[in-house]
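Q: compute the structure for the input listed below.
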Amino acid sequence: MPDTQALNPNNNQNPGLLEEVALEDMLNARERRAAIQRSLLDEFHCPLVCLTLNIPGPVKVLDRVPEAFDRGCRRILDVLDEAGFTVLRQLVIREKTGYELFLSVNGDAVEIKERMAAIEDGGRLGRLYDIDVIRLDGQKVSREEFGLAPRTCLLCGQPAHACSRSRRHSVAELVEEIQTILREGSFRSDE
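A: So this is what the prediction gives:
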């Protein structure tokens, strides 16, 4: 059963820390995520914000991932609040397959995605955040819809999807860079 507690920055439990994940676990997590998304879209009839961390390889909860995840959750909630969006429902899942935040948000999906893209692009830690905004029809809002380029690779600056598809970099190289980012743990100072 997933850990579906409310966001609690003082929570000392870190489910899944340094545990390896099997492919079957990841497939089950993907199915669970899709079911949660459908359920929240059906219940609240408003866009859905979903946060996960981009962590390749068999270990999804590295050292400092819990803190980075909590920081991302707080940043998202702060940005939504500052912009005047209302969060109708918040759900956090902490499992060895990765940590996930789901927010049902009353507002325009494209406007929300613009603000979430600013978080993703807001410094090195933001680069680890994968923040999807999902419309009522279940489709994700694309960065390209408002003129932003696709996300770039952490290592070489090329489009991330191209590097991922061609497996240009090893998992070990990517994880090493991610661990460096997690140790630094910083957003730009202007945020």
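Q: which parts of the strand or helix carrying L88 are buried?
A: Taking DSSP states H and E as the criterion, L88 maps to strand 86-95. The neighbour-count check on strand 86-95 (16 or more other CB atoms under 10 Å) flags V87, Q90, L91, V92, I93, R94, E95 as buried. C-beta coordinates here come from the backbone N, C-alpha and C atoms, glycine included.
Q: tell me how far the lowest-mean-pLDDT helix or strand in the chain is from the chain's mean position?
A: When each helix and strand of the chain is scored by mean pLDDT, DSSP states H and E, helix 160-166 comes last, with a mean of 85. Chain-centre distance of helix 160-166: 18 Å, with CA atoms, centre = their mean, to the nearest Å.
Q: same thing with stretch 35-48?
A: 17 Å.
Q: what's the answer for stretch 146-155, then?
A: Per CA atoms, centre = their mean, the centroid offset for stretch 146-155 relative to its chain is 15 Å.
Q: got the contact list for the least confident helix or strand of the chain?
A: Contact partners of helix 160-166, identified using CB atoms under 8 Å, 6 or more residues apart in numbering, comprise P150, R151, T152, C153, L154, L155, C156, R168, H169.
Q: quick check: mean pLDDT of the helix or strand just after that helix?
A: Counting by DSSP H and E, the element after helix 160-166 in chain order, helix or strand, is helix 171-184. Helix 171-184 comes out with an average pLDDT of 92.
Q: all strands of this protein, in order?
A: For the chain, the strands defined by DSSP state E cover 48-53, 86-95, 98-106, 129-134.
Q: what's the longest helix in this protein?
A: If you go by DSSP state H, the chain has its longest helix at helix 23-44.
Q: who are the packing partners of that helix?
A: strand 48-53, strand 86-95, strand 98-106 (3 or more CB pairs under 8 Å, 6 or more residues apart in numbering; DSSP states H and E).
Q: now do the last one, average pLDDT.
A: Strand 98-106 comes out with an average pLDDT of 98.
Q: neighbours around G126, how many?
A: 23 (other CB atoms under 10 Å).
Q: just checking, it touches R151?
A: No. Proximity of G126 to R151 does not meet the contact threshold set by CB atoms under 8 Å, at 10.3 Å.
Q: now do the shared contacts for these two.
A: Shared contacts of G126 and R151, counting by CB under 8 Å, 6+ apart, come down to E120.
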